[in-house]
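Colleague: Generate a structure from the sequence data that follows.
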Amino acid sequence: MGKILKNPGSSVAAFGAKDRRQKSYSLDDYKDMAQIANEIGKRLLDIGIKYCFHQHTGTTVETEKEIYICS
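Modeller: Next up, the predicted model:
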């Protein structure tokens, strides 16, 4: 994925969470999402691309509380 982004000269990649499929998620669910996001960020940074996580309405990371759980 990173090589595809790097090829046209991208320097930043933004990704978001999956669609909200249930009313709430456990702290472990958010820890898993944060670990995955951190790993993606490390791998992209190794090839010179900055990673940012984009929260969005209708996803598992939407509210201010959910954003801070993942940080």
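Colleague: leaving aside the residues next to it on the chain, what's closest to residue 37?
Modeller: Distances taken as Cβ to Cβ, 6 or more residues apart in numbering place residue 53 nearest to residue 37, at 5.1 Å, with adjacent residues excluded. Every residue, glycine included, has its C-beta placed from N, CA and C.
Colleague: would that neighbour count as being in a strand?
Modeller: Yes - under DSSP: H, G, I helix; E, B strand; the rest coil, residue 53 sits within a strand.
Colleague: The chain should start at 72 in everything you say after this.
Modeller: With 72 as the first residue, the last one maps to residue 124.
Colleague: neighbours of it, just the number please.
Modeller: Under the neighbour criterion other Cβ atoms under 10 Å, residue 124 is assigned a count of 19.
Colleague: ok, how many other residues are close to residue 104?
Modeller: For residue 104, using other Cβ under 10 Å, the count is 19.
Colleague: so it sits right up against residue 97, yeah?
Modeller: No - using Cβ atoms under 8 Å, residue 104 makes no contact with residue 97, being 11.0 Å away.
Colleague: need the contact list for the nearest residue to residue 89 once chain neighbours are set aside.
Modeller: Leaving aside its sequence neighbours, residue 89 sits nearest to residue 131 (Cβ to Cβ, 6+ apart; 6.1 Å). Residues in contact with residue 131 (Cβ atoms under 8 Å, 6 or more residues apart in numbering) are 88, 89, 90, 91, 96, 100, 101, 104, 137.
Colleague: Quick one, which of the residues you listed are buried?
Modeller: In the contacts of residue 131, burial by neighbour count holds for 88, 91, 96, 101, 104, 137, counting by 16 or more other Cβ atoms under 10 Å.
Colleague: of those, closest to residue 116?
Modeller: residue 104 (18.4 Å; Cβ to Cβ).
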